[in-house]
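**Student:** Requesting a structural model of the entry that follows:
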Amino acid sequence: MLSRVLKNQDKSEANIKKLNNLVTSHSTSIKQLESQLRQIIFVLNPRQNGTLPSNTVVNPRNEGGGVSHCLSISTRSGKVLEESKIPMYVVDERLIAVEKTKRVMTKW
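**Tutor:** Coordinates of the predicted model:
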């Protein structure tokens, strides 16, 4: 009886050693995969840390028309102001916008 228990204990210890070796090899493989994934991310995303991607559109409405200010603003939420007709007057070399109509917020 005692010899049988000792044999089972030896088998259990051998199995535990095999499992420990297997876990060690898996953790090494996981570390290598993490390293490879970091390299792939670096290749696919060359943007430097701390910078934002720029995808601006220059003067999206009316292509400028000789006026050097913002012509269109859109938000990420989808809210857009209706285009209003604001006459521009030059006074003392400054552009002054006189709004005759109110802008109405619309939702998409």
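
**Student:** in the protein, which ranges drop under the pLDDT threshold?
**Tutor:** 52-74, 80-108 (pLDDT under 70).

**Student:** Quick one: the strands in it, in order.
**Tutor:** 80-81, 88-91, 94-97, 105-106 (DSSP state E).

**Student:** quick one: G50 from R76, how far?
**Tutor:** 21 Å (C-beta to C-beta, to the nearest Å). C-beta: built from backbone N, CA, C; applies to glycine.

**Student:** Same check on N21?
**Tutor:** N21 is 52 Å from R76, where distance means C-beta to C-beta.

**Student:** Just want to know which of the two has more residues nearby.
**Tutor:** Higher neighbour count among N21 and R76: N21, with 10 against 5, using other C-beta atoms under 10 Å.

**Student:** State the distance from the more buried one to K11.
**Tutor:** 16 Å.

**Student:** quick one: the helices in this structure?
**Tutor:** For the chain, the helices defined by DSSP state H cover 2-44.
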